[in-house]
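# predicted model, plus sequence, below.
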Amino acid sequence: MPRSPDVDAWFETKAHPAEAPMQAARRVILEADPRITEVIKWSVPTFMYKGNILSFTTAKTGVGLMFHRGSEIPGDHALMEGDGDLVRTMRFGDVESVNSHEAEIQAAVKAWCEWKDAG
């Protein structure tokens, strides 16, 4: 599971109150597919494979996963919220919530990777 030193440094300097669920989500996302990379983009951790998959949105007690083109990811991803043209978000309040929805998060990330490989 490749981790970016820039993302490690972001966590070290931010000391964010929602670091625990963000780190849990980071692990789940990076474990979904070995081709995924992470960078700091738009001042937050962003996960990529053949484009931007998702970025963190944060609150004091949780983490949101903002899928930049979530409406286009093939398949039914029931945890994705939003009705805009592109963006969809999954929200998790704590580590337990992230961990209990690991399969759903990884399914969306894997669907992105498969879609990009097919295109």
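Cool, got the structure. Numbering: from 1, shown residues only.
# quick one: the strands in the chain, in order.
Along the chain, the segments classed as strands by DSSP state E run 37-41, 44-48, 52-58, 63-67, 88-92.
# please identify which of those strands is closest to I73.
Among those, strand 63-67 comes nearest to I73, with 6.6 Å by C-beta to C-beta. The C-beta positions use only the backbone N, C-alpha and C, and glycine is treated the same way.
# got the angle for the closest one vs strand 52-58?
Relative orientation of strand 63-67 and strand 52-58, computed by axes from the mean of the first three to the mean of the last three C-alpha atoms, to 10 degrees: 150 degrees.
# hmm, who's touching strand 63-67?
Strand 63-67 is contacted from outside by 18, 21-22, 25, 29, 53-58, 73, 80, 87-92, 98, 105, 108, 112, using C-beta atoms under 8 Å, 6 or more residues apart in numbering.
# thinking again about what came up before, how about a markdown table for the strands of the chain, with distance to T13 and mean neighbour count added?
Putting these into a markdown table (distance: least, C-beta to C-beta, whole Å; neighbours: other C-beta atoms under 10 Å) gives the following:
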| stretch | distance to T13 | mean neighbour count |
| --- | --- | --- |
| strand 37-41 | 10 | 16 |
| strand 44-48 | 12 | 21 |
| strand 52-58 | 14 | 21 |
| strand 63-67 | 17 | 23 |
| strand 88-92 | 23 | 21 |
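# nearest to G119, of those strands?
Minimum separation from G119 across the strands of the chain (C-beta to C-beta) falls at strand 52-58, 14.0 Å.
# what's the closest one packed up against?
When contacts are defined as 3 or more C-beta pairs under 8 Å, 6 or more residues apart in numbering; DSSP states H and E, strand 52-58 packs onto helix 19-32, strand 44-48, strand 63-67, helix 102-118.
# pull up the pairing partners for it, direction included.
Here strand 52-58 has these sheet partners by DSSP bridges: strand 44-48 (antiparallel), strand 63-67 (antiparallel).
# output the strands of the chain as CSV; include the columns distance to E12 and mean pLDDT.
Output for the strands of the chain, formatted as CSV (distance: least, C-beta to C-beta, whole Å; pLDDT from 0 to 100):
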stretch, distance to E12, mean pLDDT
strand 37-41, 12, 97
strand 44-48, 13, 97
strand 52-58, 15, 94
strand 63-67, 17, 97
strand 88-92, 22, 97
